[in-house]
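*Asks:* Provide a 3D model corresponding to the input given below.
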Amino acid sequence: MNLGLLRVRNEARWIERSVRSLLPVCESILVMDDHSEDETAAICAAIPGVTVLLSPFEGLDETRDKNWLLDQASAWHPDWIVFIDGDEVLDAPAALLAEMQRLETTCLSLRILYLWNDHETIRVDGVYGDFHRESVFRPNGSRFIANGTGTHFHCGNVPAGNRQGHRVIDVPILHFGYMHRADRERKFAWYNQHDPNNPTEDFYRHMVIGDLFPKESQFRHGGPLRLARRCITATT
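*Replies:* Have a look, this model is predicted:
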C-alpha cells in the first residue's frame with residue numbers, strides 16, 4: 001500500500017487541497033500536526049482515510065519530528081511513502097502512479113513549482129527555475145539526518161539513505177506557501193529569527209527579491225526576479 005505523510009502547522013488555507021491531492025495515489029495518509037492554532041487538524045480529521053497524529057514534542061526540530069512520523073508510518077508497512085508539505089499540492093497523480101510502478105525505481109524526485117503572486121504564475125530564476133525534490137520513496141529503515149543548526153531545518157522529505165539512485169521526473173508539486181507577498185515577508189522574518197546568519201541558505205534573501213529587495217537583486221540562490229506563466233494540467 002502507498003502511504004502519504006505530512007508534517008504541518010497552521011496550514012488551514014491549503015491543507016484540504018494538499019491532503020486530497022494525495023488520495024488518488026495513497027490509500028492512507030498520516031498528518032503530524034505540530035500544535036496548530038487554526039483549523040488544520042480538524043480539516044484533516046474530517047477527510048476519510050486521514051489519521052491525524054498530534055505532536056508529542058515542544059520546540060522546533062524538523063529532523064526529530066520527521067523521524068517520529070516515520071516511526072508511526074512503520075505500523076502501516078507501506079510499499080511507498082509520498083511526503084509533501086502542508087502548503088503543497090500534488091499535480092498529475094496518474095503520472096506519478098505510472099512512475100511508481102517501475103520495478104527498478106526506489107525514490108522519485110518531483111518538480112517543485114513555486115507559485116508567485118497568483119495561481120498561474122511561477123518563479124523561474126535561480127534555484128526556482130528547475131528545482132526538484134525527493135518526495136516519494138520505498139522505505140528501507142533509513143532515517144533523517146540532523147544538520148548543524150539547532151532546529152535541524154532542511155533535512156528534506158526523504159531520508160538520506162533512500163536518495164541514492166533517485167529518478168528525476170517532471171510530475172509537479174505546486175507550492176502555495178510563497179504565493180502571497182505577505183507570506184514571503186513573514187517567512188523571511190521567521191527563518192531569520194530561528195535560523196539566523198545562515199550563508200548556506202543565502203540568509204533567505206532570495207525569498208523576498210522583488211518584495212524587500214529590488215527585483216534586479218542578484219544573490220547566491222536567486223535573482224534577478226523572473227516569472228513565467230505555468231502550464232495548466234487537466235488535473236489542476
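*Asks:* Near L174, how many residues? Count them for me, please.
*Replies:* 25 (other C-beta atoms under 10 Å). The way it works is simple: take the backbone N, C-alpha and C, and place the C-beta from them, glycine included.
*Asks:* Could you verify that it is part of a strand?
*Replies:* Yes - the assignment for L174 (DSSP: H, G, I helix; E, B strand; the rest coil) places it in a strand.
*Asks:* Test my guess that it contacts E88.
*Replies:* Yes - judged on C-beta atoms under 8 Å, L174 makes contact with E88 at a distance of 6.5 Å.
*Asks:* you'd agree E99 is up against V168?
*Replies:* No - under the criterion of C-beta under 8 Å, E99 is not in contact with V168, lying 10.4 Å apart.
*Asks:* Of the two, which one has the most company?
*Replies:* Set E99 next to V168 and count neighbours by other C-beta under 10 Å: E99 wins out with 15 against 12.
*Asks:* And the more buried one, how far from G4?
*Replies:* Distance of E99 to G4, computed by C-beta to C-beta, to the nearest Å: 16 Å.
*Asks:* Same check on A98?
*Replies:* 18 Å.
*Asks:* For T105, see how far away the residue sitting nearest the centre point of the chain is.
*Replies:* The C-alpha lying nearest the average C-alpha coordinate of the chain belongs to D85 (C-alpha atoms, centre = their mean; 3.4 Å). Separation of D85 from T105 (C-beta to C-beta): 22 Å.
*Asks:* just A228 next, same as before
*Replies:* For A228 relative to T105 (C-beta to C-beta), the value is 29 Å.
*Asks:* higher neighbour count, those two?
*Replies:* Of the pair A228 and T105, T105 is the one with more neighbours under other C-beta under 10 Å, namely 17 against 14.
*Asks:* and the closest residue to that one other than its chain neighbours, what is it in contact with?
*Replies:* Distances taken as C-beta to C-beta, 6 or more residues apart in numbering put R167 closest to T105, at 5.2 Å, once the chain neighbours are dropped. The contact partners of R167, taken as C-beta atoms under 8 Å, 6 or more residues apart in numbering, are E99, R102, T105, C107, L108, S109.
*Asks:* Alright, that wraps it up for me.
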